[in-house]
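Visitor: I'd like to go over a predicted model; first the sequence, then the structure.
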Amino acid sequence: MQTYLIGIDAGTTKIKAVLFDPRGNQIADSAVENHVLIPHPTWSEQSMEDLWNCVCEAVRTLVGKTGVTPAEITAIGLSAQGEGLWTLDKDGKPTGTAFLWNDGRAAELVQSLKADPVYNEIKLRLGTFVKPGSTLVQIKWLAENDPERFRRVKTIFTCKDYIRYCMTGQIAWERTDASCSCLDLKTLEYPKDLFRKLGIADALDKLPPLIGAVDRGGVLTEDAAEKLGLTAGIPVSGGMIDVIATAIGAGAVETYSVSSTLGTTGMNMMTVESYEPDLVFNGWECHMLPGKYVKGMGMMAAMPNQDWLLKEVFGEEKITQELFEKTDSAMLAMEPGQGGLLYLPHIAESGERAPFFNPNAAAQLMGIKTTTTRNEILHAVIEGVCMGFRSCLEGIPNSQPVLLSGGGAKSRVWPKFFADCTGRDVILLDATELAARGAAISAALMVGLCEQEELKDFCRARQKIQPDPVKVRKYDKIYEMYRTAQQQAETFWRWRADFLKGE
């Protein structure tokens, strides 16, 4: 009988279920649209019950299309969007909709925390300057703004851990997710004194037991197995937050390996051996492997910059591969800075989080003339996003090639622009669904289908792209103005935020 693994990647907008063999080779996949709720212009939520139903649909479809029997599924690994706030009551039911990682309701709370000495202490101990979407901040926001719901909360964790709970009935919070803002990175335990300093000591009783990424998080219950189209008893791994799972799926296992994700967010990560406290605007999280960490810096939005332009300016209702192919040749034929345009890629409703934090930051396009074309604007948007990645990668040595993943990595254009704008070698991989692959790897380690020493063999490069030295020199000059424009835009961003509030 064949042996297979299922990796699940529950992203913000799409749920993917992917079938792998024990060596990480992708066999088949299925996807279901996930629904984001925006009840207020700066809020971002999801129905927890709907998300679980989407997971079940994705897995059922996967099993149905492959003909694989449930008995051939050895283990399941999980990956999902991180941070945010997912809560259960004493009966194990959601207390309401989940707050997502890109939710902006706590922006004013973050601003007030910046004036408190605890702000720097949080960074030094938890490895992050908190953001509106940080779980720690959202706990405090909920306690202060919806105390009735906060009282009903029995369990606090994040998306992947909710999915595992639905599968197994076991409640736990896995460390790569918890370490985004709720773990002391030296002790790898909850920082009880910081919760007290923040006035949310009551939340400590709501935090579940911690587990590791490759730990056994439970087995499928009869009820969950029926909904998923599988059999009860299949083990489920602790899993990982999606950015870490993507890095693992890309092969970022060896110390100092670097990975970047051209997805909804623009995450950049380096694997390191130890946690070194700092006050730099980056983030630290636990790696899948015990004893290792990931040092990262992620733009709030990467590909949504292009998506917005194609929908609102090009008039495209649906973003497809065919649409990219229509514009690829035009993009590749243009020169750096074509038309004298410059774009700042801060399009997310919640502002920007890296390489600087500003909840008021907004995207801007500069240099438009009557002769400016749509393709020149698209070209500038791609350059602007890649300049944002360059900013985030500045603290990582140039000698390290970048393992590039995400939807943008599938394009002919984006990897080339990434290499030229950042001046770094880019490695494209043979796998596509890297977060699900990372999740499956955690499951393989959990059940002993592979050993830690074998993980480097899971990364198979499809293509290496080297930067064009002539274009790199041109982008060096453009980057200087990009940074200057960012600094000068802060006055406008502040004015815009006040104006929209009616002040």
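Guide: On my side now, so go ahead. Residues are numbered from 1 along each chain as shown.
Visitor: all contacts plus neighbour counts: C-alpha atoms, from now on.
Guide: Fine.
Visitor: quick one, strands of the stretch 201-350 of the chain?
Guide: Assigned strands in the stretch 201-350 of the chain, in chain order: 210-211, 216-219, 235-237, 240-241, 258-262, 266-272, 283-286, 293-299, 342-344 (criterion: DSSP state E, counting those that start in this stretch).
Visitor: I'd like those as a markdown table, with mean pLDDT appended.
Guide: Converted to a markdown table, these look like this (pLDDT from 0 to 100):
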| stretch | mean pLDDT |
| --- | --- |
| strand 210-211 | 98 |
| strand 216-219 | 98 |
| strand 235-237 | 98 |
| strand 240-241 | 96 |
| strand 258-262 | 91 |
| strand 266-272 | 90 |
| strand 283-286 | 92 |
| strand 293-299 | 90 |
| strand 342-344 | 98 |
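Visitor: Give me the contact list for the lowest-mean-pLDDT helix or strand in the chain.
Guide: Ranked by mean pLDDT, DSSP states H and E, the weakest helix or strand in the chain is helix 321-333, scoring a mean of 83. Residues outside helix 321-333 that contact it (C-alpha atoms under 8 Å, 6 or more residues apart in numbering) are 375, 378-379, 411-413.
Visitor: My read is that Gly77 contacts Ile8, right?
Guide: Yes - counting by C-alpha atoms under 8 Å, Gly77 does reach Ile8; the two are 6.3 Å apart.
Visitor: Overlap of the contact sets of these two?
Guide: Residues touching both Gly77 and Ile8 (C-alpha under 8 Å, 6+ apart) are 436, 439-440.
Visitor: Give me the buried positions along the helix or strand where Arg390 lies.
Guide: According to DSSP states H and E, Arg390 maps onto helix 374-393. Within helix 374-393, the residues that qualify as buried are 375-393, counting by 16 or more other C-alpha atoms under 10 Å.
Visitor: same thing with stretch 435-455?
Guide: For stretch 435-455, by 16+ other C-alpha under 10 Å, it's 435-447, 450, 455.
Visitor: What of stretch 39-53?
Guide: Buried residues in stretch 39-53, counted by 16+ other C-alpha under 10 Å: 42-49, 51-52.
Visitor: quick one: low-confidence ranges for the stretch 1-150 of the chain?
Guide: Within the stretch 1-150 of the chain, the stretches with pLDDT under 70 are 1.
Visitor: Okay, strands next: where are they in it?
Guide: 4-10, 14-20, 26-33, 45-46, 73-80, 86-88, 98-99.
Visitor: picking up where we left off before, tell me what the next helix or strand after the helix holding Arg390 is packed against?
Guide: Later in the chain than helix 374-393, the nearest helix or strand by DSSP H and E is strand 402-405. For strand 402-405, the packing partners by 3 or more C-alpha pairs under 8 Å, 6 or more residues apart in numbering; DSSP states H and E come out as helix 242-250, strand 258-262, strand 426-429.
Visitor: Tell me which of these sits nearest to Arg216.
Guide: Closest to Arg216 of the helices and strands packed on strand 402-405 is helix 242-250 (C-alpha to C-alpha; 16.5 Å).
Visitor: so how far is the closest one from its chain's centroid?
Guide: Its chain's C-alpha centre and that of helix 242-250 lie 9 Å apart, by C-alpha atoms, centre = their mean, to the nearest Å.
Visitor: Packing partners of that helix?
Guide: Secondary-structure packing of helix 242-250 (3+ C-alpha pairs under 8 Å, 6+ apart): strand 73-80, strand 258-262, strand 402-405, helix 434-447.
Visitor: Looking at these, which is nearest to Trp493?
Guide: Judging the helices and strands packed on helix 242-250 by C-alpha to C-alpha, what sits closest to Trp493 is strand 258-262, at 25.1 Å.
Visitor: May I have the strands that pair with the closest one, each with its orientation?
Guide: Within its sheet, strand 258-262 is paired with strand 266-272 (antiparallel), strand 402-405 (parallel), according to DSSP bridges.
Visitor: Make a markdown table out of those strands and add mean neighbour count.
Guide: A markdown table is the format used below for those (neighbours: other C-alpha atoms under 10 Å):
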| stretch | mean neighbour count |
| --- | --- |
| strand 266-272 | 25 |
| strand 402-405 | 26 |
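Visitor: Let me see the contact set for the residue most central in space within the chain.
Guide: With distances taken as C-alpha atoms, centre = their mean, Val243 lies nearest the centre of the chain, 4.5 Å away. Residues in contact with Val243 (C-alpha under 8 Å, 6+ apart) are 81, 261, 267, 435.
Visitor: is it true that the third one touches Gly296?
Guide: Right, the one you point to is Met267. Yes - at 7.0 Å, Met267 and Gly296 qualify as touching, with contact defined as C-alpha under 8 Å.
Visitor: distance between the longest helix seen in the chain and the chain's centre?
Guide: When the chain is parsed with DSSP state H, its longest helix is helix 469-500. Between the centre of helix 469-500 and the centre of its chain there are 24 Å (C-alpha atoms, centre = their mean).
Visitor: other SSEs contacting that helix?
Guide: strand 342-344, helix 414-422.
Visitor: To Asn120, which of the helices and strands packed on strand 402-405 lies closest?
Guide: helix 242-250 (24.3 Å).
Visitor: for that closest one, which positions count as buried?
Guide: 242-250.
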